[in-house]
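1. fold the following, please.
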Amino acid sequence: VDPGEFDVIAFGGAGPAHIVELVEEFNVRSVIIPTTPGLASAAGLLVTDMTADHVRTRIMGPDDLDVDAANAIFAELENEGVAKLRAEGIPDASISMERQIDARFQGQSHNLSVPAPQGALTLEDLVRAQQDFRDRYAEHYGVRQPNPVQLVNFRARIIGQVPKLILSRSAPVGGGSDRALK
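-> Numbers count the residues shown, from 1 in each chain. Predicted coordinates:
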């Protein structure tokens, strides 16, 4: 890959000040400098949805799956996350949730996460999480294990959608570099 075949974007507080040496070194022919190069990170923060990630450990083996405990854990995690986002001014209509359960084979220490459904869980949902883990493990490691599966961590991600910035386009400016000197 020849870097000279690409356009380079100079951003950050000092990006435009240091871009010249870089483009000379790699024979880059085109440099793009945004109107406000030092604001890229701040703008990113303004358009990124807020999240509250919560996790609770409760180990459940195949013979002691506790649906009531799983539902109580998810309710508690989701209530904590929603309260945090509400405190930040996120309206309920802009809040969504995702659930995951970390599982592992009994006697192993590494977990894999599998999605969990919203709403009240049933015993079938917890059994399905064990099977989803088996499938994911086989997909990930190429081995299908017969060992018992433990559910380990219950995870809730609460997402608060924020209004997105609407950026206007600037017309390209041509001409000599003299106009850029200050």
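
2. CA atoms for contacts and neighbours, from now on please.
-> Fine.

3. for the residue nearest to Gly4 when sequence neighbours are not counted, what are phi and psi?
-> Nearest residue to Gly4, sequence neighbours excluded (Cα to Cα, 6 or more residues apart in numbering): Val28, at 4.0 Å. Main-chain torsions, Val28, degrees, to the nearest 10: phi -80, psi 140.

4. neighbours around Val28, how many?
-> 17 (other Cα atoms under 10 Å).

5. return the residues in contact with it.
-> 3-8 (Cα atoms under 8 Å, 6 or more residues apart in numbering).

6. now swap in Phe133 and tell me
-> Contacts of Phe133 by Cα under 8 Å, 6+ apart are 103-104, 112-114, 149.

7. ok so it is a helix residue?
-> Yes - the assignment for Phe133 is a helix, going by DSSP: H, G, I helix; E, B strand; the rest coil.

8. confidence-wise, which helix or strand of this structure is lowest on average?
-> helix 40-47 (a mean of 81; mean pLDDT, DSSP states H and E).

9. now that one, how far from the chain's geometric center?
-> 16 Å (Cα atoms, centre = their mean, to the nearest Å).

10. so which bits of the very next helix or strand once past it are buried?
-> Using DSSP states H and E, the helix or strand that follows helix 40-47 in sequence is strand 50-60. By neighbour count with 16 or more other Cα atoms under 10 Å, strand 50-60 contains the buried residues 50-56, 59-60.

11. dump those residues into CSV; add pLDDT and distance to Ser168 as well.
-> Rendered in CSV, the data for the buried residues of strand 50-60 read as follows (pLDDT from 0 to 100; distance: Cα to Cα, whole Å):
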residue, pLDDT, distance to Ser168
Met50, 94, 24
Thr51, 94, 27
Ala52, 94, 31
Asp53, 97, 33
His54, 97, 37
Val55, 98, 40
Arg56, 98, 44
Ile59, 97, 51
Met60, 97, 53
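
12. just put those in JSON lines and tack on distance to Gly142.
-> Shown next, in JSON lines, are the buried residues of strand 50-60 (distance: Cα to Cα, whole Å):
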{"residue": "Met50", "distance to Gly142": "36"}
{"residue": "Thr51", "distance to Gly142": "33"}
{"residue": "Ala52", "distance to Gly142": "33"}
{"residue": "Asp53", "distance to Gly142": "30"}
{"residue": "His54", "distance to Gly142": "30"}
{"residue": "Val55", "distance to Gly142": "28"}
{"residue": "Arg56", "distance to Gly142": "29"}
{"residue": "Ile59", "distance to Gly142": "25"}
{"residue": "Met60", "distance to Gly142": "25"}
